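> From the sequence below, what's the structure:
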Amino acid sequence: MKQLLQSMRRGLASVTDVPMPQVGHRQVLVHAAASLVSAGTERMLVEFASKSLVEKVRSRPDLVRQVLDKARRDGLLTTWDSVRGRLDQLVALGYSSAGAVIAVGEGVTDLRVGDRVACAGGGYAVHAEVVSVPRNLVAKAPENVDFEPAAFATLGAIALQGLRLAEPHLGERVAVIGLGLLGQLTVQMLKANGCIVLGMDIQPARAELARQAGAQGVATTADEMWEITSRLSEGHGADAVIITADTPSHEPVELAGRIARDRGVVVAVGAVGMQIPRKIYYEKELDFRISRSYGPGRYDPAYEEKGHDYPFGYVRWTENRNMQAFLDLVAQGKVDVKPLITHRFPIEDAAKAYELITRKTREPFLAVLLTYPGQPDLSPRIVLGPSPAPPVAPPAPRAGVEGAKLGLLGAGNFATTTLLPAMKKVTGLEFVGVCAADGPGARNAGDKFGFRYCTTDENEILKDPGINTVVIATRHHLHARQIAAALSAGKHVACEKPLALNDAELRSVVQAHSRWAAPNGQFLVVGFNRRFAPMARQLKSCLAEVREPLIMHYRVNAGFIPADHWVQDPEQGGGRVIGEVCHFVDFLTFLCGALPIRVHARALPNSGRYTSDNVIIALEYANGSLGTVTYVANGDKSFSKERVEVFGGGRVAVLDDFRRLELLRNGRRSVSKSWLRQDKGHRGEWEAFVDALRRGAPAPIPFEEIVAATLATFRILDALGSREAAEVETLSFMASASTREEK
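From the prediction side, this is the model:
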C-alpha cells in the first residue's frame with residue numbers, strides 16, 4: 001500500500017510502498033478515502049526536516065546540549081552514530097482522515113466492517129491507503145456525512161475543545177484571532193452556539209470567508225479589531241477571545257488582552273508566542289487558558305492506546321466525543337467545510353500538497369485534502385531484494401551451520417540505531433526479513449540494512465524456511481510469547497532483554513526451551529551484551545585467578561523516564577527493574593561466575609515523579625560473592641551512566657562507562673581507554689553467537705544464567721514490596737517448570 005513519509009535527513013516527503021498494518025487489540029483497520037493536511041503541525045515538521053544539519057542545530061539548542069553531553073559520556077563516534085541513526089528515520093505524516101472499516105480487532109464490539117468512520121491521532125490516522133487506529137480515536141460518521149467532511153473531524157475536535165474552554169453563552173461576544181482552518185471552524189461553531197462572532201486575520205480573503213460564514217465583524221489589523229470589538233460590545237470588550245493563529249509572535253496574546261472585557265476569558269488554541277503582558281491581564285483580571293488539543297484523553301496512553309474510556313458522567317466531552325459532536329454538527333448543516341477546501345491531491349501527488357503548504361508555490365490555500373482512489377495492495381509483505389532459492393527441506397537450526405540467516409521482529413529506535421548497525425559489522429549474518437508493527441518502520445529498516453523483505457506480520461518471519469534465527473526486539477510484553485513461537489518453529493532465538501515480565505511468562509519460556517531448544521540444539525540467548533564488551537572481557541580475565549568471593553558494586557545513573565512511558569507500564573514494559581536492572585544483575589553474575597541466590601532491595605518512596613527507579617539492591621551469590629546495584633533516575637544525565645568496581649584476591653578493577661578500565665594488582669596499575677567510541681559489546685555478542693553456531697559450541701550465555709538474571713529482577717520487586725530478603729531459586733524454578741511441561 002502507499003503511504004506518505006518524511007525523511008528527517010534529506011528533508012523529502014515521498015510516497016512509498018509499505019506493508020499493510022495489522023489490526024491490533026481494540027484497534028480498527030480502515031481503508032482511507034480522504035485525509036486532511038495540517039498546514040500548522042505538518043508544515044513545521046516538513047520545514048524542520050528540510051533544514052541543513054547546521055540549521056537543525058541552530059533551531060534546537062536543547063537537543064544540541066543533549067548531544068554534547070552524550071559525546072562527553074559515550075564518545076564522539078558513538079554519539080555521531082546515534083544522531084545519524086535518528087536522522088535516517090522516516091516519519092509518518094498526517095493525523096486526520098476518514099474511510100471505511102475493513103477489519104476490527106479483538107475487543108471492538110461497536111463497529112463493523114463497512115462502517116464509515118473518522119480517524120484521529122499522529123502515527124495512526126496518517127496519510128496512507130490503510131491505517132490501523134485505536135478505537136477511542138475513531139468516530140462513526142453519520143449517514144449524510146461524506147468522507148471529505150469526515151476527514152475534518154480531528155481539526156474540528158481541536159476547535160471544539162478550545163470553544164468549550166472559552167465557555168461561551170448564548171448572545172455573548174466572542175472574538176477569534178487567526179482565521180485559518182481552525183479559526184474558520186471555530187467561527188462556524190460559535191455561530192451555531194448563538195454567539196456574536198468577531199474575527200481577525202491579516203489575510204483579507206480569510207477575513208471575508210469568516211464574514212460569509214456568519215461573523216458579524218471582521219478585521220485585518222489589530223486596531224481595526226479593537227474598534228470593531230468595542231463597537232459591537234458597547235465598549236465592554238469581548239466576553240471571550242479564542243486565539244487560533246499559528247505564529248511565534250506574542251502579538252495575538254497582547255491583542256487578546258486588549259480587546260477582552262474585564263474578567264473575560266482568553267483561550268490559546270494555536271501555537272503562538274506566550275509572553276503575556278502582565279499589566280493589562282492583571283488590570284482586567286483575565287483568565288488565560290491553553291487548550292490541549294482535542295480534549296480529555298489526549299496524551300493519555302490508557303485512553304488512546306489501551307481503549308480505557310472515561311466515565312460519561314464525570315468526563316462529558318472526551319476527544320472521541322468531541323469528534324462525534326463535530327460530525328453531528330456537520331450532519332445537521334451547522335458546520336459546512338466545503339467552502340474551506342481549496343485543493344485536493346491524489347496520494348500519488350502528495351508531495352505537491354507539501355510544496356503548497358510550505359509556500360514554495362506561493363499559491364493561497366486553506367484546507368488541503370489527500371484522496372485515495374483505487375484499491376490498495378493489502379499485502380503485509382514487500383520484497384526489497386532478490387530472494388534466495390528456497391531450500392529443499394526446512395533446515396534444522398542445529399549447531400555447526402555456516403551462519404545465521406536472520407529474521408527480525410521489531411524495528412524501533414534501539415534496533416535501528418544500536419543493534420542493527422553493530423550486527424551489520426559481523427561476518428556470518430544474513431539479513432533476510434524484518435517485521436515491525438508499522439509499515440514505515442519495517443520498510444525503513446529493510447531498505448537501510450539490506451533485508452530481502454519487510455513485513456508487518458510476524459508469521460512471515462516465523463514460517464520462513466530461509467530463516468534459521470529470529471531476533472526479537474519488540475516491546476517487552478511480547479517477548480515470552482514470541483520466544484515460544486520462534487522456538488516451536490525450529491529457530492534459534494536472540495531476544496533483547498528482558499526474557500519475560502513475570503513468573504508465569506518466564507515459566508513458559510523455560511518450558512519452551514526444555515521442549516524445543518534443548519533437544520534440537522537451538523540457541524536461546526538474551527541481549528546481555530555488556531558481558532561481551534572488550535573491556536568486560538579484559539576485566540574478567542584479570543579476575544580469573546582469584547579464588548575467593550568478590551565484592552562488586554555497579555552504579556547506574558540511568559536518568560529520568562516519565563511515568564507514562566511504555567517502559568514504566570507494568571503491562572508493556574514491566575518497569576525499569578525488570579526492563580533494565582537485569583543487565584546489571586547479569587553482569588555481576590558474569591564477573592563472579594555464580595548464580596544469585598538471594599536479594600535485598602530498598603527504594604526511595606514513589607513521589608509521583610519516580611516509579612521505583614531509585615533503588616539500591618544487594619545480591620548474594622552461590623559462591624559467597626556479594627554485589628550491589630545502585631540504580632538511580634534522580635541524577636543528572638550529563639554525568640557518566642555506569643561505573644563498576646570489583647574487589648577480590650588483592651585486586652581492584654574499575655570500569656567507567658565501558659570507555660576506561662583501571663586494573664590494580666600488587667601496587668601496579670594498568671589503564672585502558674577508548675576516547676572516541678564506547679563499546680558495550682553489541683558487536684561482540686553477535687560475533688560470539690556466530691562463532692558458537694559454526695563450531696557447534698554451546699550458546700554464548702548459559703541458559704540458567706539468563707533465567708537467573710530474569711528471576712532475580714522479579715525477586716527484587718518482591719523484596720521492595722515486603723522489605724525482606726527474597727530467595728532466587730533458579731535451578732528449582734527451572735526444574736519445576738520443565739516438570740510441568742513433561743506432565
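> make it CA atoms for all contacts and neighbour counts henceforth
Will do.
> how about the helices in the stretch 501-650 of the chain?
Using DSSP state H, counting those that start in this stretch, the helices of the stretch 501-650 of the chain run over 503-512, 518-520, 534-542, 576, 582-592.
> Can I get the first one in PDB, CA atoms only?
To tie it back to what came earlier, the one meant is helix 503-512. Listed in PDB are the C-alpha atoms of helix 503-512, where the atom choice follows Å, rounded to 0.1, in the frame of the first residue of the first chain:
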ATOM      1  CA  ASP A 503       6.900 -15.800  36.800                       C
ATOM      2  CA  ALA A 504       4.200 -17.200  34.500                       C
ATOM      3  CA  GLU A 505       5.900 -15.800  31.400                       C
ATOM      4  CA  LEU A 506       9.300 -17.000  32.500                       C
ATOM      5  CA  ARG A 507       7.900 -20.400  33.200                       C
ATOM      6  CA  SER A 508       6.500 -20.600  29.700                       C
ATOM      7  CA  VAL A 509       9.900 -19.700  28.300                       C
ATOM      8  CA  VAL A 510      11.700 -22.300  30.300                       C
ATOM      9  CA  GLN A 511       9.100 -24.900  29.100                       C
ATOM     10  CA  ALA A 512       9.600 -23.900  25.500                       C
END
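> Enumerate the positions of it that are buried.
Glu505, Leu506, Arg507, Ser508, Val509, Val510, Gln511, Ala512 (16 or more other Cα atoms under 10 Å).
> Once you drop chain neighbours, what's closest to the first one?
The reference is to Glu505. For Glu505, the nearest residue in space outside its immediate sequence neighbours is Ala480; the separation is 5.8 Å by Cα to Cα, 6 or more residues apart in numbering.
> hmm, back to that, save the helices of the stretch 501-650 of the chain as CSV, and put in mean pLDDT and distance to Leu76 too.
Listed next are the helices of the stretch 501-650 of the chain as CSV, based on pLDDT from 0 to 100; distance: least, Cα to Cα, whole Å:
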stretch, mean pLDDT, distance to Leu76
helix 503-512, 97, 39
helix 518-520, 91, 42
helix 534-542, 96, 18
helix 576, 96, 27
helix 582-592, 98, 24
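> ranking those helices by burial, who's on top?
helix 582-592 (a mean of 24; mean count of other Cα atoms under 10 Å).
> Show me what it is packed up against.
Helices and strands touching helix 582-592, by 3 or more Cα pairs under 8 Å, 6 or more residues apart in numbering; DSSP states H and E, are strand 626-632, helix 703-722.
> Name the surrounding residues that touch it.
Defining contact as Cα atoms under 8 Å, 6 or more residues apart in numbering, one finds that helix 582-592 is touched by 497-498, 528, 530-531, 540, 543, 549-550, 552, 554, 595-596, 621, 625, 627, 629, 705-706, 709-710, 712-713.
> any idea of the angle it forms with helix 703-722?
For the pair helix 582-592 and helix 703-722, the angle between their directions (axes from the mean of the first three to the mean of the last three Cα atoms, to 10 degrees) equals 120 degrees.
> Can I get helix 582-592 in PDB, CA atoms only?
Included here for helix 582-592 are C-alpha records, laid out as PDB according to Å, rounded to 0.1, in the frame of the first residue of the first chain:
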ATOM      1  CA  CYS A 582      18.500  -7.400  34.600                       C
ATOM      2  CA  HIS A 583      21.500  -6.100  32.600                       C
ATOM      3  CA  PHE A 584      23.500  -5.300  35.700                       C
ATOM      4  CA  VAL A 585      22.500  -8.400  37.700                       C
ATOM      5  CA  ASP A 586      23.700 -10.500  34.700                       C
ATOM      6  CA  PHE A 587      27.000  -8.600  34.500                       C
ATOM      7  CA  LEU A 588      27.800  -9.200  38.200                       C
ATOM      8  CA  THR A 589      26.800 -12.900  37.600                       C
ATOM      9  CA  PHE A 590      29.300 -13.000  34.700                       C
ATOM     10  CA  LEU A 591      32.100 -11.500  36.800                       C
ATOM     11  CA  CYS A 592      31.800 -13.700  39.800                       C
END
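> Kind regards, and thank you for your time.
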